[in-house]
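Asker: Would you be able to build a 3D model of this:
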Amino acid sequence: MRGGLVTTTLRDGGIQVDFGGEVVRSDRDEPVKVGRLGDISIDDNPYLHRHFLEFVRKDGFWWVVNVGSRIPAQLTDQLGLMRSTLAPGAAMPLVFATTIVTFSAGPTTYELVIGVDADDAYSTPPHRVVGTGSTTIAPTTFTESQLLAVLALAEPVLRRAGVGTWQIPTAVEAAQRLGWSQTRFGRKLDNICDKLSSAGVRGLRGGQNGAAATRRMRLVEYAISTLLVTTDDLALLDAAAPRVDCVRKEASA
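Answerer: Model (predicted):
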């Protein structure tokens, strides 16, 4: 995927569509079209519709409309707190100053970064209380090591808004990120899923119908949607990495 976050503050009801550095801006009257034909032209992919997305101004908002016939688009706010699927034929108002739109056509995934007039947009207020020690969610308490295990799985989604759960690392990759053995990571993951399952969270039990990949995806979706982990917590993961490197260097000395 390509693209960067919109940095320009838009006024006068305008919209900006950024596709990997190719930027199209429009005022209130002119729609922006995306597809193999359009203002944002992606003409090198035969799997993509000629006319796929349109950004139009209506009822005081900019709307994104899926005018294609079979490809959905995923919408995410800049903080990753809201995720929606825009099916063919559906439309949705852009209520955030910055919205990430991702979609796949054939083997390729694309990213658009959409910016709208800040005066028209909703600003998310502070909502998480910062504290010290373990993190509490409902009746369930997590240790620092358990939180690190969740962060290792959720890191790609937290670091880049718009990334889907298909980029969640495997258990082996997450264990390597933390410098843990796969057995240790597996035990932590089991403990986390057991705690959440006991608290009423569904889809985290193993067994015949509970594939490991599905369980990891469900855990990450839950952790991000309930703010069990946020981008602020990535500092814990980064702080753990130097400790892991030091241990490895001492072991090889």
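Asker: For the rest of this, base every contact and every neighbour count on C-alpha atoms.
Answerer: Fine.
Asker: Enumerate the positions of whatever helix or strand L153 lives in that are buried.
Answerer: Using DSSP states H and E, L153 maps to helix 144-159. Neighbour counts using 16 or more other C-alpha atoms under 10 Å place 146-158 of helix 144-159 among the buried residues.
Asker: Other residues contacting whichever strand or helix holds A175?
Answerer: For A175, the element it lies in under DSSP H and E is helix 171-178. Applying C-alpha atoms under 8 Å, 6 or more residues apart in numbering, the external contacts of helix 171-178 come out as L148, A149, A152, L153, S181, Q182, F185, G186, L237, A240, A241, V244.
Asker: now that helix against helix 144-159, angle please.
Answerer: Direction vectors for helix 171-178 and helix 144-159, defined by axes from the mean of the first three to the mean of the last three C-alpha atoms, to 10 degrees, enclose an angle of 100 degrees.
Asker: distance between helix 171-178 and the chain's centre?
Answerer: Computed by C-alpha atoms, centre = their mean, to the nearest Å, the separation of helix 171-178 from the middle of its chain amounts to 20 Å.
Asker: any idea how far whichever helix or strand comes after that helix is from the chain center?
Answerer: Going down the chain from helix 171-178, the next helix or strand is helix 182-198, by DSSP H and E. On the basis of C-alpha atoms, centre = their mean, helix 182-198 is displaced by 23 Å from the centre of the chain it belongs to.
Asker: now swap in stretch 175-183 and tell me
Answerer: For stretch 175-183, the distance between its averaged C-alpha position and the chain's averaged C-alpha position is 23 Å (C-alpha atoms, centre = their mean).
Asker: Would you mind measuring the gap between the ends of it?
Answerer: Stretch 175-183 has an end-to-end distance of 9 Å (criterion: C-alpha to C-alpha, to the nearest Å).
Asker: Return the set of buried residues in it.
Answerer: Of the residues in stretch 175-183, those scored as buried under the neighbour-count criterion (16+ other C-alpha under 10 Å) are A175, R177, L178, G179.
Asker: cool, stretch 66-81 as well?
Answerer: Of the residues in stretch 66-81, those buried (16+ other C-alpha under 10 Å) are 66-68, 71-80.
Asker: that older thread, arrange the buried residues of stretch 175-183 in JSON lines, one row each, with pLDDT and distance to R57 as further columns.
Answerer: Output for the buried residues of stretch 175-183, formatted as JSON lines (pLDDT from 0 to 100; distance: C-alpha to C-alpha, whole Å):
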{"residue": "A175", "pLDDT": "94", "distance to R57": "47"}
{"residue": "R177", "pLDDT": "93", "distance to R57": "45"}
{"residue": "L178", "pLDDT": "93", "distance to R57": "47"}
{"residue": "G179", "pLDDT": "92", "distance to R57": "50"}
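Asker: Reformat those residues as JSON lines; add distance to G60.
Answerer: As requested, the buried residues of stretch 175-183 are exported to JSON lines (distance: C-alpha to C-alpha, whole Å):
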{"residue": "A175", "distance to G60": "48"}
{"residue": "R177", "distance to G60": "46"}
{"residue": "L178", "distance to G60": "48"}
{"residue": "G179", "distance to G60": "51"}
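Asker: Relative to G21, which of the residues you listed is nearest.
Answerer: Out of the buried residues of stretch 175-183, the one with the shortest distance to G21 is R177. That distance is 30.8 Å, counting by C-alpha to C-alpha.
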